[in-house]
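Engineer: Need coordinates for the below:
(one chain, ligands or ions: 1)
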Amino acid sequence: MTSDHGSSRTSTVDSSPLLVKALEKSLEVKDKVEKCANELSTVNETIKKEMAAGITLHQAEKALAQSESVEDRVHECAGELNEVNNVLAQEIDDRNKLNRELIETLQELSTTQNVLSDSQNVLAIAHEVVEEAKQRTLRDFATGIPNRELFNDRLDQAIALARRCDWILAVMFIDLDGFKQINDTHGHAIGDRVLQVVAQRLYEQVRSEDTVCRYGGDEFLYLLVNPRSIANIQRVAHNVFDRISQALFIDDLTLTVAPSIGVAVYPGDASTGQELVANADAAMYRAKEKKAGCIFFASIP
Ligand SMILES: Nc1nc2c(ncn2[C@@H]2O[C@H](COP(=O)(O)OP(=O)(O)OP(=O)(O)O)[C@@H](O)[C@H]2O)c(=O)[nH]1
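Structural biologist: Residues are numbered from 1 along each chain as shown. Below is the predicted model of the structure:
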């Protein structure tokens with residue numbers, strides 16, 4: 001067996017130094033055994049020939065000595081093979097141990113991944129719960145539309161934008177006329193349904209950049225962002241008025257509520273959100289007092 005052949009085998013099998021050595025050793029032993037077998041076969045051939053020709057005692061002793069020498073070397077090879085086997089057995093043990101450790105590590109990794117995935121799910125649910133809670137704190141419980149807190153936040157943002165972009169803004173203060181009468185005549189539950197329908201009508205009308213909210217009781221606010229002109233504000237206010245004034249059908253009741261609307265415009269009527277709402281509120285009261293078409297602009301004396 002050539003060393004070239006040996007090195008190509010060992011390099012493809014493993015790069016562990018112990019294993020490389022053991023394999024080289026086994027190739028050496030194999031060579032030795034092959035030599036012994038050849039020698040033994042030569043000795044046997046000679047003995048056969050000599051026996052055919054009539055073997056002498058001297059020849060028989062010589063042949064025995066030769067075969068004993070081969071036998072000694074075969075024993076030696078067996079010892080060496082045993083050593084190789086021990087090394088290989090140790091290597092197999094080590095590899096099995098490594099495999100077991102690898103499997104355990106993979107199992108631990110899989111458990112960790114499951115725990116991680118569970119944690120991620122829990123986290124996602126927690127996010128949803130927090131988001132829902134956040135939404136609840138920003139929505140009016142009875143009608144589902146934004147509440148005063150969300151409106152004020154949007155109003156502050158709108159004022160900041162309007163300042164930077166040179167826009168106008170408008171706040172409409174909407175109060176239902178004679179709402180108490182509905183409560184008193186038909187009960188609080190019907191009054192609640194009326195508020196819900198009004199809120200829905202406002203919500204359906206509002207553009208995505210604008211905001212409506214229930215301010216409290218039967219009061220609603222409507223923020224118009226960058227309406228561009230007073231004429232546009234008037235048009236929206238009239239649309240809101242007409243939509244709210246349409247008949248409401250609740251169970252077998254047909255009800256009507258008309259709103260009083262006060263409008264304040266930024267920057268002409270106020271420079272802050274709070275002032276804008278207060279001025280729209282004051283305009284709404286003047287609209288109520290005068291009963292003049294029920295829409296009143298703060299800037300109109
Ligand atoms: N059903 C119901 N009623 C409410 C709610 N919040 C406030 N109210 C009632 O709404 C009414 C609001 O009072 P007002 O604005 O004086 O009633 P109004 O009859 O519309 O009076 P004007 O605005 O002057 O026309 C009161 O009767 C409150 O009890 C609510 O969530 N549900």
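
Engineer: contacts and neighbour counts: CA atoms only from here.
Structural biologist: Fine.

Engineer: For stretch 39-46, buried residues please.
Structural biologist: Within stretch 39-46, the residues that qualify as buried are E39, L40, V43, counting by 16 or more other C-alpha atoms under 10 Å.

Engineer: Identify the residues contacting it?
Structural biologist: With contacts defined as C-alpha atoms under 8 Å, 6 or more residues apart in numbering, stretch 39-46 is touched by A63, Q66, S67, V70.

Engineer: and of those residues, the nearest to the ligand?
Structural biologist: The shortest approach to the ligand among those belongs to V70, at 112.0 Å (C-alpha to the nearest ligand atom).

Engineer: Let's see which of the buried residues of stretch 39-46 end up in helices.
Structural biologist: If you go by DSSP state H, the buried residues of stretch 39-46 have E39, L40, V43 in helices.

Engineer: who in this structure is up against the ligand?
Structural biologist: Contacts of the chain with the ligand, taken as C-alpha under 6 Å from any ligand atom, map to 175-181, 183, 188-189, 191-192, 217-218.

Engineer: host element of R235?
Structural biologist: If you go by DSSP states H and E, R235 is part of helix 230-245.

Engineer: next helix or strand past that helix?
Structural biologist: Criterion used, DSSP H and E; the element after helix 230-245 is strand 248-250.

Engineer: how distant is the very next helix or strand once past that next one from the center of its chain?
Structural biologist: Counting by DSSP H and E, the next helix or strand C-terminal to strand 248-250 is strand 253-255. Chain-centre distance of strand 253-255: 49 Å, with C-alpha atoms, centre = their mean, to the nearest Å.

Engineer: where does the stretch 151-300 of the chain dip in pLDDT?
Structural biologist: 292-293 (pLDDT under 70).

Engineer: What ranges does it have for its helices?
Structural biologist: Under the criterion DSSP state H, counting those that start in this stretch, helices of the stretch 151-300 of the chain are mapped to 179-186, 188-205, 230-245, 273-290.

Engineer: Out of these, indicate the one that is most buried.
Structural biologist: helix 273-290 (a mean of 21; mean count of other C-alpha atoms under 10 Å).

Engineer: List the buried residues of stretch 156-171.
Structural biologist: For stretch 156-171, the neighbour count (16+ other C-alpha under 10 Å) marks A158, I159, L161, A162, W167, I168, L169, A170, V171 as buried.

Engineer: Check stretch 217-228 too.
Structural biologist: D218, E219, F220, L221, Y222, L223, L224, V225, N226, P227.

Engineer: Find out how far that stretch is from the centre of the chain, if you would.
Structural biologist: From the chain centre to the centre of stretch 217-228 is a distance of 37 Å (C-alpha atoms, centre = their mean).

Engineer: go on, stretch 197-214?
Structural biologist: Distance of stretch 197-214 from the chain centroid (C-alpha atoms, centre = their mean) equals 33 Å.

Engineer: Contacts for it next, please.
Structural biologist: Here stretch 197-214 makes contact (C-alpha under 8 Å, 6+ apart) with 140, 143, 145-148, 150-151, 154, 220-225, 240, 243-244, 248.

Engineer: Apply 7 Å and report the result again.
Structural biologist: The contact list for stretch 197-214, computed with C-alpha atoms under 7 Å, 6 or more residues apart in numbering, reads 140, 143, 145-148, 151, 220-225, 240, 243-244.

Engineer: Any chance of CSV for the buried residues of stretch 217-228, columns distance to I103?
Structural biologist: What follows is the buried residues of stretch 217-228, written out as CSV (distance: C-alpha to C-alpha, whole Å):
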residue, distance to I103
D218, 68
E219, 68
F220, 66
L221, 65
Y222, 65
L223, 64
L224, 65
V225, 63
N226, 65
P227, 68
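
Engineer: Among those residues, find me the one that's closest to the ligand.
Structural biologist: Set against the ligand, the nearest of the buried residues of stretch 217-228 by C-alpha to the nearest ligand atom is D218 (5.2 Å).
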